[in-house]
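Q: missing the sequence, but the structure's below:
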């Protein structure tokens, strides 16, 4: 009987490890390295909050790497500090609400890039309008106008994207695409 039980535990650990590998591989979608993805996976499946030493032991990585990984995950709101009476070391646990993590991460990443694109389009339009006013080359003036129109189209897209980002960040997205909870499956 104990041998069967041992095989079951081994199968369980292999299954969890396989899923952690999938998480690690797919974290590149969020701009995260596979090692940080593995760290998140280990924290997600941990029954208790973990210290940096616990993480280092579980992943056989340096404490510095663990600290860097925890900071990155914390910045993305995927890991949060935890408290346990009597434990003096810093403890961390995963954010188990993946919807919350996604909306936060999506919003911050996309907002930054979209704002940068809006600023760059504004600057390009200003430069092109200035050149258009200075040049006497009619063909160049026409080409500039076509490109200014393209940039204005891009700006409209970025403004729409900012509205979409707001819908995601505010949680309003869930009115249109509801969360799926375990009870409804």
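A: That came through, no problem. Not measured: the values here are computed from a predicted model. Numbers count the residues shown, from 1 in each chain.
Q: residue 20 - nearest residue in space that isn't next to it in sequence?
A: Sequence neighbours aside, residue 41 is the residue nearest to residue 20 in space, at 3.3 Å (criterion: C-beta to C-beta, 6 or more residues apart in numbering). The way it works is simple: take the backbone N, C-alpha and C, and place the C-beta from them, glycine included.
Q: identify all contacting residues around stretch 32-52.
A: Stretch 32-52 has contacts (C-beta atoms under 8 Å, 6 or more residues apart in numbering) with 16, 19-21, 23-28, 54-55, 58-59, 61, 63, 65-67, 69-70, 72-73, 76, 78-79, 82, 84, 87, 89-94, 96.
Q: who's sitting farthest from the centroid in the chain?
A: The outermost residue of the chain relative to its centre, with distances by C-alpha atoms, centre = their mean, is residue 136 at 48.5 Å.
Q: make sure it is indeed in a strand.
A: No: counting by DSSP: H, G, I helix; E, B strand; the rest coil, residue 136 is not found in a strand; it is coil.
Q: any stretches of this structure with poor pLDDT?
A: 1-4, 182-185 (pLDDT under 70).
Q: at 80 instead, please
A: 1-4, 29-31, 181-185 (pLDDT under 80).
Q: show me where it has helices.
A: Ranges of helices in the chain, per DSSP state H, are 2-26, 34-45, 52-59, 63-75, 98-134, 138-170, 173-176.
Q: outline the domain layout of the protein.
A: 2-95, 99-184 (automatic domain parsing).
Q: and the residue lying closest to residue 110 once chain neighbours are set aside, what does it touch?
A: Nearest residue to residue 110 in three dimensions, chain neighbours excluded: residue 165, at 5.1 Å (C-beta to C-beta, 6+ apart). The contact partners of residue 165, by C-beta under 8 Å, 6+ apart, come to 106, 107, 110, 111, 114.
Q: quick one: residue 165 and residue 131, what's the gap?
A: 32 Å (C-beta to C-beta, to the nearest Å).
Q: next one: residue 14
A: Distance from residue 14 to residue 131, by C-beta to C-beta: 63 Å.
Q: from the domains of the chain, which stretch is densest packed?
A: Burial of these is given as mean neighbour count (mean count of other C-beta atoms under 10 Å); domain 2-95 ranks first at a mean of 15.
Q: now that one, how far from the chain's geometric center?
A: 17 Å (C-alpha atoms, centre = their mean, to the nearest Å).
Q: quick revisit: could I get the contacting residues of the residue farthest from the centre of the chain?
A: Applying C-beta under 8 Å, 6+ apart, no residues contact residue 136.
Q: quick one, phi/psi of it?
A: phi -110, psi 0 (degrees, to the nearest 10).
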